[in-house]
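K.L.:
Pasting the sequence and the predicted model now:
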Amino acid sequence: MVPAGLILLNFILKIIFLGSRDIAMDEPFTIYYSQADISSLFEILKTENNPPLLFLLLHFWIKVFGISAFSVRFLPFLFSTLTAPVIYLTGKRFFSAESGIVASLVFTFSNYHLAFSHEARVYPLFALLTCLSMYFFLSLIQNPGKKTPFYLLIIINVLLIYSHFFGFFVIGIQLLSGLIFPDVRKAFKTCLQALVVTLFFYLPYFPVFFSRFFASSGGTWVPPPVISDLYTMVWRFSNVPVLTVFFLVLLTGALVKYLMVSGNPSEHPSPYQKVLLVWFFIPYLTIFLLSFKLSMFLDRYMVFTSIAFYLLVGQAINYIRGSHKIVFYVLSVLAAGGMLITFHPNLDNHRRLKKVVEVIHNLKQKKTPVLICPEWLELGFAYYYNPTYFRDYGNLRNNLAKEQIFPVNHPEDIPQGIFQNATSVILLEEWPEVVDKNNDILKKMSSHFRECRGKKIPEAYKIYYFSGLTGNLPQLP
């Protein structure tokens, strides 16, 4: 009954506003390329940091259900909904039913995971596969000779690393746990065998994996971390600062209690608790430290550690309470109730791309060129500007060019005819500094045209209307 209740609760909370936010940020990329034929899709992903699993699933989903915001987000929403009962079952089987309940409810009311469930991206699938992988790994520790969890671990881990490259961290957690803990080592040989088979099925994709790894080693767009990011990331997991502090106090309290009674053999952590500690702390700290060399300490990349954090919170509450049920109830209500009170089912992604397109539609005359910077913004723009163009995979840029719409990254990308023939030009920007560090496109347009009027669309977009004729500037709605 509890798993079914969790599924129903997550379903209701997460489906209500599933299609309300604008399709924006990386979603248009996922949706657009998922429309490609399979061979083209694999060619595209050779130069992108995205393994193919979600694209393949979405490819077939789109063929049946189309590209509406509700449709393309339904799969991530479904994966997120199914994650809650897996967290509960993991807690119940390997820790305690009480800690499983607390962890699954904290997950359910997490704004962090709600945001991902409302995005046509891979992260809810990554979280679900991580949970399943760790469930079957812990099952092997419990029964090393059983074949069912062995085969299921192979299948899930293959899917895991085909969903996100950070899936290798999850496999690394399992191998490291087997190496350092004697009571986990009994399953090490079995897990090593599972790894060999998993890697065999990944052989076709290894060239892409290494290619993307070395391409990323030159740097990423993610800024280098600062020490406070260790706290800020937990804050993201916990909705608000007061709950962040509360959860950290719970973990500290559990540690203090353990240190006080550590001489008692009955108080020693179980092999499952040891794995749980490795699952959270090792990748969390490792990725943070590696980010000083190669920045990757980003909230979405850490989604697989958040599940361990929620299970740790549930374990901490269960451990602190001892034999006092009232303590468990009070702490559980504070944890789950605090998350519920601070839960926002209609989270805003702060992207008003639909409004942007509406403004440009109103400004644009037939011969008014539109420049879009960075160039990848063309996908989200086209999704709302003309869905027919967006669905016409392979011809998007030609279709936009027919309407004098040009994606640009640098001043030299601007068609020369614009300066020779156009009396007015519209420039749309979203974070142009990523490709045009000194904003040279804006400078070049400003130097050529006599007048300019700008408008900011909260919170990410800027629209500039340039005119070569004095007094020819329209009001920007």
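P.N.:
Sure thing, it's come through. Numbering: from 1, shown residues only.
K.L.:
from here on, contacts and neighbour counts on C-alpha atoms
P.N.:
Fine.
K.L.:
For the helix or strand bottoming out on mean pLDDT in the chain, which residues meet the burial criterion?
P.N.:
When each helix and strand of the chain is scored by mean pLDDT, DSSP states H and E, helix 206-216 comes last, with a mean of 78. Buried residues in helix 206-216, counting neighbours by 16 or more other Cα atoms under 10 Å, are found at 208-209, 212.
K.L.:
same question, stretch 10-24
P.N.:
10-11, 13-15, 18-19, 21-24.
K.L.:
Please state the offset of stretch 304-312 from the chain centre?
P.N.:
Centroid separation between stretch 304-312 and its chain, computed with Cα atoms, centre = their mean, to the nearest Å, is 15 Å.
K.L.:
what is the rounded mean pLDDT of it?
P.N.:
Stretch 304-312 comes out with an average pLDDT of 98.
K.L.:
Tell me how many other residues crowd the closest residue to residue 435 other than its chain neighbours.
P.N.:
Of all residues not flanking residue 435 in the chain, residue 409 sits nearest, at 5.7 Å (Cα to Cα, 6 or more residues apart in numbering). Close neighbours of residue 409, defined as other Cα atoms under 10 Å, add up to 21.
K.L.:
Next, the contact list for residue 409, please.
P.N.:
By Cα atoms under 8 Å, 6 or more residues apart in numbering, residue 409 lies in contact with 373-375, 432, 435-436.
K.L.:
one more time with 10 Å, if that's ok
P.N.:
The contact partners of residue 409, by Cα atoms under 10 Å, 6 or more residues apart in numbering, come to 371-376, 432-436, 439-441.
K.L.:
Equivalent analysis for residue 422, please.
P.N.:
Residue 422 makes contacts with 367-369, 416, 449, 466-468, as judged by Cα under 10 Å, 6+ apart.
K.L.:
Out of the residues you listed, the closest to residue 142 would be?
P.N.:
residue 369 (65.1 Å; Cα to Cα).
K.L.:
What distance do you get for the closest one to residue 177?
P.N.:
Applying Cα to Cα, to the nearest Å, the value for residue 369 to residue 177 is 59 Å.
K.L.:
And for residue 83?
P.N.:
Taken as Cα to Cα, the span from residue 83 to residue 177 is 23 Å.
K.L.:
And residue 20, by the same measure?
P.N.:
From residue 20 over to residue 177 (counting by Cα to Cα), the distance is 42 Å.
K.L.:
before we move on, could you check phi and psi at the closest residue to residue 303 other than its chain neighbours?
P.N.:
For residue 303, ignoring the flanking residues on the chain, the nearest one in space by Cα to Cα, 6+ apart is residue 127 at 6.2 Å. Dihedral pair for residue 127: phi -70, psi -40, per degrees, to the nearest 10.
K.L.:
In JSON lines: the buried residues of helix 206-216, plus distance to residue 123.
P.N.:
Conversion of the buried residues of helix 206-216 to JSON lines gives the following (distance: Cα to Cα, whole Å):
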{"residue": "208", "distance to residue 123": "20"}
{"residue": "209", "distance to residue 123": "18"}
{"residue": "212", "distance to residue 123": "19"}
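K.L.:
is it true that residue 83 touches residue 127?
P.N.:
Yes. Look at residue 83 against residue 127 with Cα atoms under 10 Å: they come within range, at 7.2 Å.
K.L.:
Quick one: neighbours of the residue nearest to residue 303, just the number.
P.N.:
Residue 127: 23 neighbours (other Cα under 10 Å).
K.L.:
Now do it against residue 344, distance only.
P.N.:
20 Å.
K.L.:
And the strands in the stretch 251-400 of the chain, which stretches?
P.N.:
370-373 (DSSP state E, counting those that start in this stretch).
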